[in-house]
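Chemist: Need a 3D model of the following:
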Amino acid sequence: MLRDGKGNRIPSHIIGLTSRLGHSPSILIEKDRERRMEEISHISHEHPLSPCMTEATGEPCNGCSRPIFDLGYVCCDCGFLLHIECAKLPQKVDHRFHPEHPLTFLFKSSETFECSVCKKTGSGFAFQCRECRYNMDVTCFLRNQPFLDLPPLEGKTRKLQHFSHNHTLKLCYLTQQSRRVCAGCKQQILGPAYCCKECDKHTLHKSCAQLPQQNKHPFHPSHSLKLFKESPYPGSEVVCSACWKRIGGFVYHCNICWFDLDLVCFCLTPSLKHEKHDHLLTFFKEIDDQVSCNSCGKSCCNNLYKCVSCNFNVHSTCLPFPSTVKHKHHPHSLTLKDSTPKDGSSGICCAACEKKVSPKARAYYCASCSYGVHLECLVSEDQPDQGKLLQDIARVKEELDAIATRLKRNKESGLTKIQA
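Modeler: The predicted model follows:
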């Protein structure tokens, strides 16, 4: 009979797995324990808790605040964590440290209390005698408490039989330290995921696992797209028809038009209406191709809006702005101008940032009041992301103008010295 380093007997089926998979017996014992554990319902939390191996760094338990270094229970929806022993705590118990009255389980983690046994102040789970104001923290309770049974799960366990894998997948919660990559979208997983506990080789984002196997998409409205777990072209790579990036994971494919989408692009939705195009445009952070902007004619490959079906593209900075707007601090309408009006040549300061408006900069003006607002300042009030981008562009332009001015002065100074 073989035993591990802690003196526990190693089951025969674990010994066989050890030789085939190359893992140590202790690791396989933990995985075997995890498979045998079931989901539970706990009075302290609204969602079911699933058995899960935690990270080696030791995630803190929400019950006692001590780190969990092995098996624990996790909420796959929000990351709530409990030690196995903390999950077994009873709702009411008679304890020899306080024989006068029974102790009641409390689970309000936001409240602090002083433990009547160790005199330490803490929060999380506790046992309290409401008549005597006697408190006992979880650590002191577990030191003097026999083994407790887990509460049963109310409802079905959350398991999934996915078409992309032979084994049943179980819902789990992954932290950044796990460094797991989704088999579907090839992005790192942080949060709810479906994991294979049998082979530990297949993991999917919860959202990717729940995508339909066949569906229509606005990028390709003519036909339905079918989900494949690998390239639908045997022996060949597949490229996304929207972002032109190589697809290493799941593919949505049209076998009539040879149109393909990766899962990231499949989850995008057209949202912007452009005055020069009939269809809604979709924002792309980056594409693996140089396309021509239909507004300025220059090439673009990042921060652009795109109509995939028509190949209409426009820089986010080339988006049209309304010719007139209302500003909350001014009673009159402001008009968009490409340069400072001639009657304002003495200089107009932006009413939002109080910096001088460059004579060559696009800005909104009220001609009758000599009132002006930078384009980027006005946009940032209603559209923070686009406003920030315009502010960055304006700042870079100011720096380039300053450098050009210095170079011009240095050049003129050099010519003066030569003439002298």
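
Chemist: so where do the helices sit in the stretch 1-150 of the chain?
Modeler: 12-21, 25-36, 84-87, 138-142 (DSSP state H, counting those that start in this stretch).

Chemist: mean pLDDT lowest for which of those?
Modeler: Mean pLDDT across the helices of the stretch 1-150 of the chain is lowest at helix 12-21; the value there is a mean of 37.

Chemist: pretty sure D137 contacts V117?
Modeler: Yes - counting by Cβ atoms under 8 Å, D137 does reach V117; the two are 7.5 Å apart. Every C-beta, even on glycine, is put in place using the N, C-alpha and C of the backbone.

Chemist: which of the two has more neighbours?
Modeler: Neighbour comparison, D137 and V117: the larger count goes to D137, with 24 against 18 (by other Cβ atoms under 10 Å).

Chemist: For the more buried one, which non-adjacent residue is closest in space?
Modeler: Leaving aside its sequence neighbours, D137 sits nearest to C115 (Cβ to Cβ, 6 or more residues apart in numbering; 4.2 Å).

Chemist: what's the neighbour count on the one you found?
Modeler: For C115, using other Cβ under 10 Å, the count is 19.

Chemist: you'd agree it is up against G122?
Modeler: Yes - C115 is within contact range of G122, at 6.6 Å (criterion: Cβ under 8 Å).

Chemist: For C199, list the residues it contacts.
Modeler: By Cβ atoms under 8 Å, 6 or more residues apart in numbering, the contact set of C199 is H167.

Chemist: what separates G184 from V264, distance-wise?
Modeler: Distance, G184 to V264, using Cβ to Cβ, to the nearest Å: 10 Å.

Chemist: right, I mislabeled it, should have said V138
Modeler: Applying Cβ to Cβ to V138 and V264 gives a distance of 43 Å.

Chemist: Neighbour count: those two, which is higher?
Modeler: Neighbours were counted for V138 and for V264 using other Cβ under 10 Å; V138 has more, 24 against 19.

Chemist: Now the more buried one: closest residue in space that isn't a chain neighbour?
Modeler: Nearest one to V138, counting by Cβ to Cβ, 6+ apart, is C64 at 4.0 Å.

Chemist: repeat for V93
Modeler: L103 (5.6 Å).

Chemist: and N166, how many neighbours?
Modeler: 10.

Chemist: quick one: contacts for it?
Modeler: Taking Cβ under 8 Å, 6+ apart, one finds nothing in contact with N166.

Chemist: which SS class is it?
Modeler: Here N166 takes the coil state, with states given by DSSP: H, G, I helix; E, B strand; the rest coil.

Chemist: tell me the pLDDT at it?
Modeler: In this model, N166 carries a pLDDT of 92.

Chemist: just A242 next, same as before
Modeler: pLDDT, A242: 93.

Chemist: C318 versus that one, what's the distance?
Modeler: 20 Å.

Chemist: For these two, indicate the residue with more neighbours.
Modeler: Regarding A242 and C318, a neighbour count based on other Cβ under 10 Å identifies A242 as having more, with 23 against 17.

Chemist: Flag every buried residue along stretch 116-132.
Modeler: Buried residues in stretch 116-132, defined by neighbour count with 16 or more other Cβ atoms under 10 Å: S116, V117, G122, G124, F125, A126, F127, Q128, C129.

Chemist: so can I have JSON lines of these showing pLDDT and distance to H220?
Modeler: Converted to JSON lines, the buried residues of stretch 116-132 look like this (pLDDT from 0 to 100; distance: Cβ to Cβ, whole Å):
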{"residue": "S116", "pLDDT": "88", "distance to H220": "67"}
{"residue": "V117", "pLDDT": "86", "distance to H220": "66"}
{"residue": "G122", "pLDDT": "82", "distance to H220": "57"}
{"residue": "G124", "pLDDT": "83", "distance to H220": "51"}
{"residue": "F125", "pLDDT": "88", "distance to H220": "53"}
{"residue": "A126", "pLDDT": "88", "distance to H220": "57"}
{"residue": "F127", "pLDDT": "89", "distance to H220": "60"}
{"residue": "Q128", "pLDDT": "89", "distance to H220": "61"}
{"residue": "C129", "pLDDT": "90", "distance to H220": "66"}
